[in-house]
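Colleague: One predicted model, sequence on top.
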2 protein chains.
Amino acid sequence: MLEKTTRMNYLYDFYHSLLTPKQQNYMSLYYLDDYSLGEIAEEYDVSRQAVYDNIKRTEAMLEEYEAKLLLFQKFQERSILIRQLKELLNEENPSKQALQDVVAELEKLN
Amino acid sequence: MLEKTTRMNYLYDFYHSLLTPKQQNYMSLYYLDDYSLGEIAEEYDVSRQAVYDNIKRTEAMLEEYEAKLLLFQKFQERSILIRQLKELLNEENPSKQALQDVVAELEKLN
């Protein structure tokens, strides 16, 4: 569940601009502010079921966007390469070739 | 016009997965394969005006996606930083600090 929350937080971060204002409100209360479904329902004066359905649909939309655009996946791949560059640059005498190899990977990914 | 074509090629590259199959077909014939509107109309047995309207709408959609997600802009920003890394690594004795600064920029952008 924690893993799903983390993933949804990331997907929301990447794709929230493609959602409607209502979807954005429900998702950010639920995933970022940790409101319960009941609390969101009360806040917006709708049924708990309506909030639940909206959030489930939005989660599915976020996964569809990710399947099409892969922004989260590419972010993770770039993060690994950036960490490798930082680690190499923390060494006393970093290998130029190793650095160039990682930069070439970053360029391929761009 | 060439500049617009280049931009549309990039936007299509980033966002084509969000378009319908028909939009994808018209756009790729027009922008990638350099068909004329008349040739596309003939190919799909529709009016030239219908093709024109579809392509104009699709162009507007691509610009809306870019305004929301900035994939092309971020790609360009990363390209500049990657080029800087490559140039630094082509020097005889690249400055570690300069490399670390560019990597920090890349990380902020990620």
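Modeller: The structure has been received and is ready for your questions.

Colleague: What helices and strands are in contact with the helix or strand hosting A:Glu3?
Modeller: A:Glu3 is part of helix A:2-15, with elements assigned from DSSP states H and E. Contact partners of helix A:2-15 among helices and strands, from 3 or more CB pairs under 8 Å, 6 or more residues apart in numbering or on different chains; DSSP states H and E: helix A:48-69, helix A:71-90. For every residue, glycine as well, the C-beta is placed using N, CA and C.

Colleague: got the angle for that helix vs helix B:48-69?
Modeller: 120 degrees (axes from the mean of the first three to the mean of the last three CA atoms, to 10 degrees).

Colleague: separation between A:Leu70 and chain B?
Modeller: Per CB to the nearest CB, to the nearest Å, A:Leu70 is found 9 Å from chain B.

Colleague: That residue: neighbour count?
Modeller: Look at A:Leu70: counted by other CB atoms under 10 Å in any protein chain shown, it has 14 neighbours.

Colleague: distance of it from A:Thr58?
Modeller: According to CB to CB, to the nearest Å, A:Leu70 and A:Thr58 sit 19 Å apart.

Colleague: Now the helix or strand following the helix holding A:Glu3: buried residues?
Modeller: Counting by DSSP H and E, the next helix or strand C-terminal to helix A:2-15 is helix A:21-27. Buried residues in helix A:21-27, counted by 16 or more other CB atoms under 10 Å in any protein chain shown: A:23, A:26-27.

Colleague: hmm, helix A:21-27 in reach of chain B?
Modeller: No - counting by CB under 8 Å from any CB of the partner chain, no contacts exist between helix A:21-27 and chain B, the nearest distance being 12.1 Å.

Colleague: contacting residues for A:Arg78?
Modeller: Contact analysis of A:Arg78 by CB atoms under 8 Å, 6 or more residues apart in numbering or on different chains lists A:106, A:109, B:106, B:110.

Colleague: Surely the third one and A:Ile82 touch.
Modeller: Meaning B:Leu106. Yes - using CB atoms under 8 Å, B:Leu106 is in contact with A:Ile82, at 5.8 Å.

Colleague: Overlap in contacts, these two.
Modeller: A:Leu106.

Colleague: sorry, back to before: how about TSV for the contacts of A:Arg78, with neighbour count, distance to A:Arg78 and pLDDT added?
Modeller: Formatted as TSV, the contacts of A:Arg78 follow (neighbours: other CB atoms under 10 Å in any protein chain shown; distance: CB to CB, whole Å; pLDDT from 0 to 100):
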residue	neighbour count	distance to A:Arg78	pLDDT
A:Leu106	22	7	97
A:Leu109	13	6	93
B:Leu106	22	8	97
B:Asn110	14	5	89
